[in-house]
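Asker: Need a 3D model of the sequence below.
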Amino acid sequence: MAAAVSTASKPPSSPWIVSRPTDLALIVGAPLLILPALFGLAEIFGALAVSAAVLVTLSTAHHLPGFLRTYGDPELFARYRFRFLVVPPLVLGVVWWLTWHQLATVLFVSLVWAIWHGLMQVYGVMRIYAAKAGEPAGLTPKLDRAMCLSGFVAVLVSGGLVQERVVAAAEGSGVFGLTALMGPTLQAVALGVFGLVFVAWVAQHVRQARSGQPVSWLKITSLLLSLGYLAVCWSLLGRNLLLGLAAFEAFHDIQYMAVAWGYNQRLVSTGKSNRMLSLLCSPNAASVALYVGVIVTYGFIAVLAMDLSRDVGIHHLGVSLVVAFAATSGLLHFYFDGFIWKVRQPKTQRDLGIEVSDEGTGYPLFSRLREGAQALLVAGPLVVLGLLAFNLDGVEVPMRGALARTFPGDGELQFQYAAALEKAGQADRAAEAYRQAAALAPDALGARVALARIEMQRGDLAAAVVELEQIVALAPERTDASLLLARLALQRGDFASVESTVAALLARPAPEVHAEAQGANLMLDSGDPGGVARSAHEAAGPDRSQYEYTRVEALSVLAEAQAARGDFAAAVETLDRARRNPAARTDPRLSARLEALRVRYGLSAREASAAP
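Answerer: Alright, predicted model coming up:
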């Protein structure tokens, strides 16, 4: 919900947006009810099922009430007809094209907009309550906005899954360096700024109350509960982080739908709606049932997109259109809400039951420029980042190199630079960068594993074996090192070592799937098309996904060793076992590698049965 500026001069008759019970349960006090409710449901149905229902279905479903207002309010539609008719197909076209070519760009833009949108909804609800209470304009609205902005930033940079998803999506779109920025220094600065803003915000409200000016306690309660709830959901829930993400999403969605329902009902009761809105938002049981059914059905678009992208693949015309539609729904939701909920507009004030201000709507030219900038903020980043991502291989090495030189003591940045060099085929420079990363962070063995991999590629098998055996001795859990040892044994024709190494890998117990791990790839936030396109297997989390991926890799090495020594029947059985693994079914590259191995050795069931 967009930001709103309070301009009312005296309190209206009702301080509530919808009604006292609705506001207390679904708008202001919703955080107090949602988190225990979700944890209770998770105990019954499981954390993954409950969180997926919220993060997939509800997050998309809550777009519809805003769209109903957009296309069901004749006065609003007449004012913004061009935007409501022309912008949607244009955005859908751009998103559909990017879905085929650079889905990571859509994910990054959507994720950033989703966070901003969540922030501005908290601010918008605050300002509605402030306007209803008759709070004065001036410094107070500015401090309200500063509280929301500094609070969200402080929580975001403090770490957690949301930060990780933002960084990963940014790098997939060619925006590097966020990892270096979001360190302890930025965290301290963000918390310091929030502390200063909080002190100023409290002081302003104390002065306001002492001078006899109205103070909205509903606004204050809403803000403090929202920011506290955000901190709990995004940062403090540890292994229950998936439920935390779902809990904040549920709060955002339910709050939005409650405000939109109250607004749309006022339009119907005053005769300001079209037939569609009147049919869905009339105060009778039939309309309520139809309204809920339509919203839930709309939410299942995201479920359909997820299922189709998993079962058919994203590069199918129909599937890509469904995924693009789900992503466009989120982007348009963010864009439309940037201007349809402006409380500075007299119409919005009247429809929300706020005393209509006589201060006007500001400078028309400035308003037009700002509205045009909002449209550019939706389409511009999609186009610019999409073009940048097309040349990702060309920009990644120089950009990561610049970051490594700027922060020469950061081992993680040196490692990322080395990985970019290796991906670009610059093995000698990559090896040197890996050595620097290993020297800066001796306990981080990833750089040493990568060095062994480069030595293998160069043909220095003896040096690679020594390095990998040292790594496995130091950290037996490093399955990547064990896999490389198995491949080295295969290259040397040491099939017994291959079998023993693979057997040890396959004997490893599966990691426990915690709520945090389950949700690592299930951040299906509002407008998160990358999340919508994730498979159910990936939703099991990075630990479990890596475990299954390692098992498939190990089985492929074993199958190749069996085929190389002529045991085709065993090789066929091993490959079939690998192909049945969820990781092989959901990772196209892994599946293609298994199929190439099958073709290379002619490992079909018919050939195996005919083999001596």
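
Asker: thinking in terms of the whole chain, how far from its middle is the helix or strand where Leu68 lies?
Answerer: If you go by DSSP states H and E, Leu68 is part of helix 63-72. In this view, helix 63-72 has its centroid 24 Å away from the chain centroid, taken as C-alpha atoms, centre = their mean, to the nearest Å.

Asker: And the contacts of that helix?
Answerer: Helix 63-72 has contacts (C-beta atoms under 8 Å, 6 or more residues apart in numbering) with 76-77, 84, 256-257, 260-261, 263-264, 267, 273-274, 276-277, 280-281, 294-295, 298-299, 329-330, 332-333, 336-337, 340, 526. Heads up, the C-betas are built off the backbone N, CA and C, glycines and all.

Asker: make it 6 Å
Answerer: 84, 257, 260, 264, 273-274, 276-277, 295, 298, 329, 333, 336 (C-beta atoms under 6 Å, 6 or more residues apart in numbering).

Asker: What is the subsequent helix or strand relative to the lowest-mean-pLDDT helix or strand in the chain?
Answerer: When each helix and strand of the chain is scored by mean pLDDT, DSSP states H and E, helix 529-532 comes last, with a mean of 35. For helix 529-532, the following helix or strand on the C-terminal side (DSSP H and E) is helix 542-564.

Asker: That following helix - contacts with which helices or strands?
Answerer: Of the remaining helices and strands, those touching helix 542-564 by 3 or more C-beta pairs under 6 Å, 6 or more residues apart in numbering; DSSP states H and E are helix 479-492, helix 495-506, helix 568-579, helix 582-586, helix 588-600.

Asker: so which of these gets nearest Gly151?
Answerer: Minimum separation from Gly151 across the helices and strands packed on helix 542-564 (C-beta to C-beta) falls at helix 582-586, 37.3 Å.

Asker: in the stretch 301-450 of the chain, which ranges drop under the pLDDT threshold?
Answerer: Within the stretch 301-450 of the chain, the stretches with pLDDT under 70 are 356-395.

Asker: At which residues are the helices of it located?
Answerer: 317-340, 346-351, 364-390, 392-406, 411-423, 427-440, 446-458 (DSSP state H, counting those that start in this stretch).

Asker: Over to the stretch 151-300 of the chain?
Answerer: 161-172, 178-181, 184-210, 217-235, 241-269, 275-281, 285-311.

Asker: quick one: the helix holding Leu68 to helix 317-340, angle?
Answerer: With axes from the mean of the first three to the mean of the last three C-alpha atoms, to 10 degrees applied, the angle from helix 63-72 to helix 317-340 works out at 70 degrees.

Asker: In helix 63-72, which residues are buried?
Answerer: When burial is assessed from 16 or more other C-beta atoms under 10 Å, helix 63-72 yields the following buried residues: His63, Leu64, Pro65, Gly66, Phe67, Leu68, Arg69, Thr70, Tyr71, Gly72.

Asker: Can you pull out the low-pLDDT segments for the stretch 151-300 of the chain?
Answerer: 159-162, 172-174, 177, 179-180, 235-241.

Asker: Could I get the helices of the stretch 301-450 of the chain in CSV, plus columns for distance to Leu149 and mean neighbour count?
Answerer: What follows is these, written out as CSV (distance: least, C-beta to C-beta, whole Å; neighbours: other C-beta atoms under 10 Å):
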stretch, distance to Leu149, mean neighbour count
helix 317-340, 16, 23
helix 346-351, 22, 18
helix 364-390, 16, 15
helix 392-406, 26, 16
helix 411-423, 28, 22
helix 427-440, 35, 19
helix 446-458, 36, 20
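
Asker: Make JSON lines out of the ones you listed and add distance to Glu469.
Answerer: Output for the helices of the stretch 301-450 of the chain, formatted as JSON lines (distance: least, C-beta to C-beta, whole Å):
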{"stretch": "helix 317-340", "distance to Glu469": "45"}
{"stretch": "helix 346-351", "distance to Glu469": "69"}
{"stretch": "helix 364-390", "distance to Glu469": "39"}
{"stretch": "helix 392-406", "distance to Glu469": "29"}
{"stretch": "helix 411-423", "distance to Glu469": "22"}
{"stretch": "helix 427-440", "distance to Glu469": "16"}
{"stretch": "helix 446-458", "distance to Glu469": "10"}
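
Asker: Out of those, flag the one nearest Val94.
Answerer: helix 364-390 (5.4 Å).

Asker: Run a quick neighbour tally on Met257.
Answerer: 21 (other C-beta atoms under 10 Å).

Asker: Most tightly packed of the helices of the stretch 151-300 of the chain?
Answerer: helix 241-269 (a mean of 24; mean count of other C-beta atoms under 10 Å).

Asker: any idea of the angle that helix forms with helix 217-235?
Answerer: Going by the same axes, to 10 degrees, helix 241-269 makes 150 degrees with helix 217-235.

Asker: where does Gly566 fall, phi/psi-wise?
Answerer: phi 90, psi 10 (degrees, to the nearest 10).

Asker: That should have said Ala475, apologies.
Answerer: Dihedral angles (degrees, to the nearest 10) for Ala475: phi -140, psi 80.

Asker: How about it: what's its closest non-neighbour residue?
Answerer: Leu445 (5.7 Å; C-beta to C-beta, 6 or more residues apart in numbering).
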